[in-house]
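Novice: 3D model of this:
(one chain, ligands or ions: 1)
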Amino acid sequence: MPPTPAHEPRPSDPSRPTAAARFAARTERMTASEIRALFAVASRPEVVSLAGGMPNLAALPLDTLAGQVAEMVARDGQVALQYGSAQGVPALREQITEVMAAEGIRAHADDVVVTVGSQMALDLVTRLFCDPGDVVLAEGPSYVGALGSFSAYQARVVHVAMDADGLVPAALAEALDRLAAAGQRAKFLYTVPNFHNPAGVTLAVERRAQILELCRRHGVLVVEDNPYGLLGFDGQTYPALRSMDPDNVVYLGSFSKTFASGLRVGWALARPTVREKLVLAAESATLCPPTFNQMMVSSYLSGHDWRGQVKSLREMYRDRRDAMLDALSAYLPPGCRWTHPEGGFFVWVTAPEGVDTKAMLPRAVNAQVAYVSGTAFYGGSGLGGRHMRLSYCYPTPERITEGVRRLAGVLEAELEVLRTFGSPTRSTTRSAPVRGTQTPAPDTT
Ligand code: PMP
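Specialist: Reported below is the predicted structural model:
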């Protein structure tokens, strides 16, 4: 008998476990994010996607960049195309300290670890601090990619309520006390203080010291994730938490929103004990971050008016934010509320009682508009069903207006069903407070 060709499936041998049966326990909670699942439909051209948070690269000076890359390869190709230091290219680490100075951070390049986007820094930080079952405190709602990392390391997330001024110190104090009473201590507080993803709010300056003080008192580290800090629409920057408490804050930054997300260059800034472990963890993950990409960012920062570029990005995003807020006011039915971002990419919408944004999504996609249901930002806890994240970063102002008009039609139809049948579209999800309330989410521990 001829041998079975390699590409044909072999008959299964019941004495051998399947690949799935061999997976480590930690893979159980590795599931596709709701956002990833949406990408395929949302990227059809007829659908206005208010779902993804893709930075808008239209304003990048591509010709200038092409020239800089050609020059870099001709001049430094032997270095750019070679392995580099696990901690990152020294010249870039110096420049990163200058970027961070805009938000009041005084740091040494030795304490900067370059990562493959800040997403990798999130992964490394979680790997360093979290054993299975450890608690991480995070805003409710919280950045979905961070929740993915926490879940991959089997950490337990306790969401802390936010309002229009960001994380609520009283809710944090309550969560910390409740954990202490149960004999537990969170490993860290994960927070996005500026132009929050997905909530679109910014942590009030007077709350920053209170939050740092609370964490310090309870022996809880703060992980400050700040990819949008330079994208405040009036050019204002806020004091980084790291600038106020250098010893107890690990700071994460990224060039994804201020330059080019495809280069995957981000960083972590940490005190030496943590930084040394971060470098070891980074080395085992990638040996070193891509030298070529780092050198490209470095020559962009030194050879281009990057501050001017960030200013024009801010203006572009501000126009889009305005288009979205105008359209929300013009079209959304009564009873809807939304946040008013002063920077960044996202608006967080709260629909009237009874609406289930996850159940409604297929109907929205049929109406050719996409968003992300609030449930994605609560890590499968069932919270967030009355909410949705709308992003205004990518579509043109005209498309944003059209997208919100379509969404309003879908919401109207949903509310009509509710009025007629008097029951929610589906009742498996619960709402969670963000704006104008200081009540912690019902299951914050
Ligand atoms: N943190 C937050 C809050 C984000 O919104 C994002 C990107 N959406 C990231 C981290 C990851 O960014 P990157 O890996 O591209 O640096």
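Novice: Contact residues of the protein facing the ligand?
Specialist: 53, 117-119, 143, 145, 192, 197, 225, 227, 254, 256, 261, 266 (Cβ under 6 Å from any ligand atom). C-beta here means a position set from N, CA and C on the backbone, and glycine is covered the same way.
Novice: Next, please give the residue ranges for the strands of the stretch 251-400 of the chain.
Specialist: Assigned by DSSP state E, counting those that start in this stretch, the stretch 251-400 of the chain shows strands spanning 265-269, 337-338, 346-350, 369-370, 372-373, 387-391.
Novice: How about the secondary structure of the residue nearest to Pro239 when sequence neighbours are not counted?
Specialist: Using Cβ to Cβ, 6 or more residues apart in numbering and skipping the chain neighbours, the partner closest in space to Pro239 is Gly104 (4.6 Å). At Gly104 the chain is in coil, as set by DSSP: H, G, I helix; E, B strand; the rest coil.
Novice: thinking again about what came up before, dump the residues of the chain next to the ligand into CSV; add secondary structure as well.
Specialist: Converted to CSV, these look like this (three-state DSSP):
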residue, secondary structure
Gly53, coil
Gly117, helix
Ser118, helix
Gln119, helix
Tyr143, coil
Gly145, helix
Val192, coil
Asn197, coil
Asp225, strand
Pro227, coil
Ser254, strand
Ser256, helix
Ser261, helix
Gly266, strand
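Novice: on that earlier part again, now do the contacts for the residue nearest to Pro239.
Specialist: Contact analysis of Gly104 by Cβ atoms under 8 Å, 6 or more residues apart in numbering lists Thr237, Pro239, Ala240, Ser243.
Novice: can you check Ser151 too?
Specialist: Arg29, Met30, Val157, Gly379.
Novice: so the third one, which of the three states?
Specialist: The reference is to Val157. Once three-state DSSP is applied, Val157 turns out strand.
Novice: Of the residues of the chain next to the ligand, which is the most crowded?
Specialist: Neighbour counts for the residues of the chain next to the ligand peak at Asp225, which has 30 neighbours (criterion: other Cβ atoms under 10 Å).
Novice: In space, not sequence, find me the middle residue of this structure.
Specialist: Tyr143 (3.9 Å; Cα atoms, centre = their mean).
Novice: Got a quick ChimeraX command for the buried subset of the contacts of Ser151?
Specialist: Buried subset of those, written as a ChimeraX selection, criterion 16 or more other Cβ atoms under 10 Å:
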select :157,379
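Novice: and the two most separated of the contacts of Ser151?
Specialist: Largest separation among the contacts of Ser151 by Cβ to Cβ: Met30 and Val157, giving 15.0 Å.
Novice: State whether Pro169 and Leu214 are indeed in contact, as I suppose.
Specialist: Yes. Look at Pro169 against Leu214 with Cβ atoms under 8 Å: they come within range, at 6.5 Å.
Novice: still on that earlier bit, could you redo the strands of the stretch 251-400 of the chain as TSV and give each row mean pLDDT?
Specialist: TSV is the format used below for these (pLDDT from 0 to 100):
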stretch	mean pLDDT
strand 265-269	98
strand 337-338	98
strand 346-350	98
strand 369-370	96
strand 372-373	94
strand 387-391	97
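Novice: JSON lines for those strands, including distance to Gln210?
Specialist: Shown next, in JSON lines, are these (distance: least, Cβ to Cβ, whole Å):
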{"stretch": "strand 265-269", "distance to Gln210": "22"}
{"stretch": "strand 337-338", "distance to Gln210": "26"}
{"stretch": "strand 346-350", "distance to Gln210": "23"}
{"stretch": "strand 369-370", "distance to Gln210": "38"}
{"stretch": "strand 372-373", "distance to Gln210": "30"}
{"stretch": "strand 387-391", "distance to Gln210": "26"}
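Novice: and Glu71, which of those is closest to it?
Specialist: That would be strand 265-269 among these, by Cβ to Cβ, at 18.8 Å.
Novice: Sheet partners, orientation included, of that closest one?
Specialist: Strand 265-269 has the following strand partners under DSSP bridges: strand 112-116 (antiparallel), strand 249-254 (antiparallel).
Novice: in it, what counts as buried?
Specialist: Those would be Val265, Gly266, Trp267, Ala268, Leu269, for strand 265-269 by 16+ other Cβ under 10 Å.
Novice: now that strand: how far from the chain's centre is it?
Specialist: 14 Å (Cα atoms, centre = their mean, to the nearest Å).
Novice: how about the CA coordinates for it, as CSV?
Specialist: C-alpha atoms of strand 265-269 as CSV (Å, rounded to 0.1, in the frame of the first residue of the first chain):
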residue,chain,number,x,y,z
VAL,A,265,7.3,50.3,19.0
GLY,A,266,6.3,51.0,22.6
TRP,A,267,8.0,51.1,25.9
ALA,A,268,7.9,50.6,29.6
LEU,A,269,9.6,52.8,32.2
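Novice: With that, I have no additional questions.
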